[in-house]
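Novice: predicted model follows, preceded by the sequence.
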Amino acid sequence: MRPAFYTLLLSSLCFIFSCQKNGVDPNPVPPTDTALYFPPLAAPAWESRTAVSVGWSESQLNSLYTYLETKNTKAFIILQNGKIIAERYFGTFTGDSLWYWASAGKTLTAFLTGLAQEQGLLSINNKTSQYLGNGWTSLPAAKEDLITIRHQLTMTTGLDDDVPDNDCTLPSCLIYKADAGTRWAYHNAPYTQLYRVIENASAQSYNSYFNTKVRSRIGMNGLWLNSGYLNIYYSNARSMARFGLLMMNRGKWDQDQVMNDMNYFNSMINTSQSINLSYGYLWWLNGKTSHMLPQTQVVFPGNLVPNAPADMFAALGKNDQKLYVVPSQKLVVVRMGESAGIPLLALSNFDNELWGKLKLVIGY
């Protein structure tokens, strides 16, 4: 008869080797530093951890990389507690390559608007015409005066999004559909006018004000570039991750409280109106009982991304530019690239597919 300790030893060894074969450390060394880490502002250094060391599946992570490559991905990053757990670039794309955020950049504008209000340059409850002048739309004065900065932040201006050019910011393109605050529609043009609001309120160019208030304070690179009527942010993938980390820490970068107004911060990442429960101030929200999508007035039941944690909020852009923030898991996830499937504005099937695979990696 085998001694009890010998039987136990064999059983333990079998378990260990079985787990290691599948890429999972049965006794992962937990990170000793659970506080958020912030990379230096001016240096390329960024602390990292292996997937196995934090209890994740290395084999599933490798499978995820293969999937991402088939989905036209250029850059992918996962942070946990601020440290890099996964970082991969595909094709000729590198860590220094710049890429467009598309509508994911709307969240940068939402954050900057809050800073401008905090500074006393504007109030989101003021009518937009106070900053753009009368006649910035083709609406009668009484209807135009109903539109506030808050309506621009929440996609509830009431301006008609069913026009030949949804991006057009000329007054002739901004026509009445409903009273402000009574209709939600994903409409680029009224949002784009927030750039002019901030420029006029701050008496600075948009790039200059953004660089001073956000970019330089968290070590981002990149710039805003005009493309037709639009203003689009370009940066490397780590800069997007830095902004996600700032949001993870509720507007504070290490010891620098970039945003002090927590009422605004909380409003930005929570339901902003009663029509689309899954929309804050230009941020998409998970975990709500219903959601709406761009280019439709249908209210769909259920979560925005069922496979993702309920507390996730996200910056989503055309052709699957993604920045996900999950406070409960201390996660920031970045994806840049070409469209992963059928080109869509903001949300796509790719979001739920990706989070289905991330669940296998992380095991939440």
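Specialist: Happy to help now that I have it.

Novice: pull the number of nearby residues for Met220.
Specialist: Counted with other CB atoms under 10 Å, the neighbours of Met220 add up to 23. C-beta here means a position set from N, CA and C on the backbone, and glycine is covered the same way.

Novice: give the contact list for it.
Specialist: Going by CB atoms under 8 Å, 6 or more residues apart in numbering, Met220 touches Val214, Ser235, Ser239, Arg242, Phe243.

Novice: now list the buried members of those.
Specialist: Among those, those classed as buried by neighbour count (16 or more other CB atoms under 10 Å) are Val214, Ser235, Ser239, Arg242, Phe243.

Novice: what's the closest of those residues to Gly82?
Specialist: Arg242 (9.7 Å; CB to CB).

Novice: then the closest one would be within a helix, right?
Specialist: Yes. Per DSSP: H, G, I helix; E, B strand; the rest coil, Arg242 lies within a helix segment.

Novice: now do it against Ser172, distance only.
Specialist: Distance of Arg242 to Ser172, given as CB to CB, to the nearest Å: 39 Å.

Novice: same deal with Leu345?
Specialist: 23 Å.

Novice: closest one of the buried ones among the contacts of Met220 to Trp99?
Specialist: Nearest to Trp99 among those, counting by CB to CB, is Ser235 at 7.5 Å.

Novice: just to revisit the earlier point, which of the contacts of Met220 lies closest to Tyr229?
Specialist: Ser235 (21.1 Å).

Novice: tabulate the contacts of Met220 (a markdown table), appending pLDDT and distance to Lys74.
Specialist: Output for those, formatted as a markdown table (pLDDT from 0 to 100; distance: CB to CB, whole Å):
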| residue | pLDDT | distance to Lys74 |
| --- | --- | --- |
| Val214 | 98 | 23 |
| Ser235 | 98 | 13 |
| Ser239 | 98 | 14 |
| Arg242 | 98 | 18 |
| Phe243 | 98 | 18 |
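
Novice: could you identify the most distant pair in those residues?
Specialist: The span of these, defined through CB to CB, is set by Val214 and Ser235 at 11.4 Å.

Novice: on that earlier part again, pipe the buried ones among the contacts of Met220 into a markdown table and attach distance to Gly228 per row.
Specialist: A markdown table is the format used below for these (distance: CB to CB, whole Å):
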| residue | distance to Gly228 |
| --- | --- |
| Val214 | 24 |
| Ser235 | 20 |
| Ser239 | 24 |
| Arg242 | 28 |
| Phe243 | 24 |
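
Novice: outside of the helix or strand hosting Leu225, which residues touch it?
Specialist: Per DSSP states H and E, Leu225 falls inside strand 223-227. Residues from elsewhere that reach strand 223-227, judged by CB under 8 Å, 6+ apart: Gly105, Tyr195, Tyr206, Asn207, Phe210, Asn231, Ile232, Tyr233, Tyr234, Ser235.

Novice: just the ones of these in strands?
Specialist: In this view, the contacts of strand 223-227 that belong to strands under DSSP state E are Asn231, Ile232, Tyr233, Tyr234, Ser235.

Novice: give me the nearest residue to the second one, chain neighbours excluded.
Specialist: Looking back up the chat, that one is Ile232. Closest residue to Ile232 apart from its sequence neighbours, by CB to CB, 6 or more residues apart in numbering: Tyr100 at 5.2 Å.

Novice: next, count neighbours for that neighbour.
Specialist: 20.

Novice: again, but for Trp101
Specialist: Residues lying near Trp101 (other CB under 10 Å) number 25.

Novice: that one touches Ser235, doesn't it?
Specialist: Yes. If you go by CB atoms under 8 Å, Trp101 and Ser235 touch, sitting 7.1 Å apart.

Novice: picking up where we left off before, top of the contacts of strand 223-227 by neighbour count?
Specialist: Neighbour counts for those, by other CB under 10 Å, peak at Tyr233, which reaches 28 neighbours.

Novice: count of neighbours near Ser172?
Specialist: Residues near Ser172, counting by other CB under 10 Å: 9.
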